[in-house]
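Asks: The sequence and its predicted three-dimensional model are supplied below.
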Amino acid sequence: MRIAVLALLLAGCTAAVDPAPRVDLEHRVVEFADGLSPGAPYRAPGSEERDTALAALMPLLDGTATEADGLRPLGFTVDSGVDDASGRPFVLATTKPGAEQGWGMYIADRSTTPRLVIEVPHPNADLDTEALGVELYRRTPGAVVLIAGAHRRAAGEQADVAHHTDALFHAVATDLAGRGLPQVQLHGFDEQSLPGSDVVVSTGQGRPGPAARRVADRVEAAGLATCRSWDDECGKLEGTRNVQGKAAAEHGFVFLHIEVTGRLRESVASRAELAQALAEADVSAG
């Protein structure tokens with residue numbers, strides 16, 4: 001009898017100290033992006049839904065809360081784990097791919113305070129930008145990742161969060177920017193759009209500051225042909241119509257619009273090289 005009781009007590013202690021599940025975060029994100037289709041339904045949140053989602057999401061992303069019950073009625077699931085590659089704990093809130101309420105996937109590193117926002121507005125459409133976003137996250141403690149929850153062409157392109165201010169993605173991005181977190185937004189372009197360039201670095205409608213110049217210098221030092229929008233014509237890839245960029249310019253937030261050619265995006269090694277260059281530039285240093 002005593003042995004049985006001891007066994008139960010030991011089992012309870014073991015359960016209490018079980019570590020958070022280890023997760024291949026890149027696999028989770030890529031699987032999510034693969035489920036997005038241009039033919040899927042989509043609707044933007046109403047103002048009340050957007051306010052409710054924002055109020056529940058922000059404490060989750062800034063580390064002041066571990067639960068977000070207010071998100072579940074809006075179609076979100078919330079879970080946490082430890083990223084296999086970085087070894088850092090994270091929290092993740094996501095809607096279901098293909099759902100009408102395709103309002104995004106949001107990831108926050110829980111190992112330290114937030115210091116950078118990584119944005120992927122066109123998952124699946126700008127192929128492999130979601131994987132590049134994870135690569136950069138893994139090299140940036142304190143990163144928060146925003147991934148659109150619908151294909152950019154869904155609902156007649158109403159789901160293109162880079163061009164619609166009614167998206168939850170935009171509300172979260174601008175809220176985080178208002179808290180002093182710089183934004184790095186990742187996009188993809190075809191080689192024929194700008195022959196001879198690997199990466200375009202732009203600040204949208206904003207003035208180029210030290211962070212933008214550091215990024216361009218570091219990417220170029222990595223051997224990648226870099227077009228700087230403040231010095232050169234970059235084939236209309238400067239993101240001047242991007243709504244997150246417009247908001248950043250209006251309020252003086254740090255916003256970088258990064259366009260990456262397909263050749264780099266499709267290569268695991270090249271994504272890692274570019275992510276390392278972006279991380280070493282340390283956009284959060286201002």
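Replies: Looks like it arrived, so ask away.
Asks: quick one: the helices in this protein?
Replies: With helices called from DSSP state H, the chain shows them at 2-17, 25-34, 47-62, 129-138, 154-157, 168-178, 210-221, 243-251, 262-265, 268-281.
Asks: how far does the last one sit from the chain's center?
Replies: Yep, that's helix 268-281 we're talking about. In this view, helix 268-281 has its centroid 15 Å away from the chain centroid, taken as CA atoms, centre = their mean, to the nearest Å.
Asks: do the same with the fifth one
Replies: The gap between where helix 154-157 is centred and where its chain is centred comes out at 21 Å by CA atoms, centre = their mean.
Asks: Would you confirm that T77 contacts T94?
Replies: Yes - applying CB atoms under 8 Å as the test, T77 and T94 come out as touching, 6.0 Å apart. In this view, the C-beta of every residue, glycine as well, is placed from N, C-alpha and C.
Asks: Neighbour count for those two, which is higher?
Replies: Higher neighbour count among T77 and T94: T94, with 22 against 11, using other CB atoms under 10 Å.
Asks: Leaving out sequence neighbours, find the closest residue to the more buried one.
Replies: Of all residues not flanking T94 in the chain, M105 sits nearest, at 4.1 Å (CB to CB, 6 or more residues apart in numbering).
Asks: If the one you found is in a bridge, with which residues?
Replies: When assigned by DSSP bridges, M105 has beta-bridge partners T94, I147.
Asks: Near it, how many other residues are there?
Replies: Residues near M105, counting by other CB under 10 Å, number 24.
Asks: Now tabulate the helices of the chain in CSV and tack on mean pLDDT and distance to Q185.
Replies: Shown next, in CSV, are the helices of the chain (pLDDT from 0 to 100; distance: least, CB to CB, whole Å):
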stretch, mean pLDDT, distance to Q185
helix 2-17, 43, 40
helix 25-34, 97, 16
helix 47-62, 95, 17
helix 129-138, 98, 9
helix 154-157, 97, 18
helix 168-178, 97, 8
helix 210-221, 98, 12
helix 243-251, 97, 6
helix 262-265, 96, 14
helix 268-281, 98, 12
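Asks: Deepest-packed of these, please.
Replies: Highest mean neighbour count of the helices of the chain: helix 129-138, a mean of 25 (counted as mean count of other CB atoms under 10 Å).
Asks: what separates it from the chain centre, distance-wise?
Replies: Mean-position distance between helix 129-138 and its chain equals 8 Å (CA atoms, centre = their mean).
Asks: before we move on, what about stretch 148-156?
Replies: 16 Å.
Asks: Convert that stretch to PDB, retaining C-alpha atoms only.
Replies: What follows is stretch 148-156, C-alpha atoms only, in PDB (Å, rounded to 0.1, in the frame of the first residue of the first chain):
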ATOM      1  CA  ALA A 148      -0.900  37.000 -41.900                       C
ATOM      2  CA  GLY A 149      -3.700  34.500 -41.500                       C
ATOM      3  CA  ALA A 150      -4.900  34.400 -45.100                       C
ATOM      4  CA  HIS A 151      -3.400  34.300 -48.600                       C
ATOM      5  CA  ARG A 152      -2.900  37.900 -49.900                       C
ATOM      6  CA  ARG A 153      -5.200  37.200 -52.900                       C
ATOM      7  CA  ALA A 154      -8.100  35.700 -50.800                       C
ATOM      8  CA  ALA A 155     -11.400  37.600 -51.100                       C
ATOM      9  CA  GLY A 156     -10.300  39.600 -54.000                       C
END
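Asks: Please list the outside residues in contact with it.
Replies: Residues outside stretch 148-156 that contact it (CB atoms under 8 Å, 6 or more residues apart in numbering): 36-43, 94-95, 97, 99, 101-105, 120-125, 159-162, 167-169.
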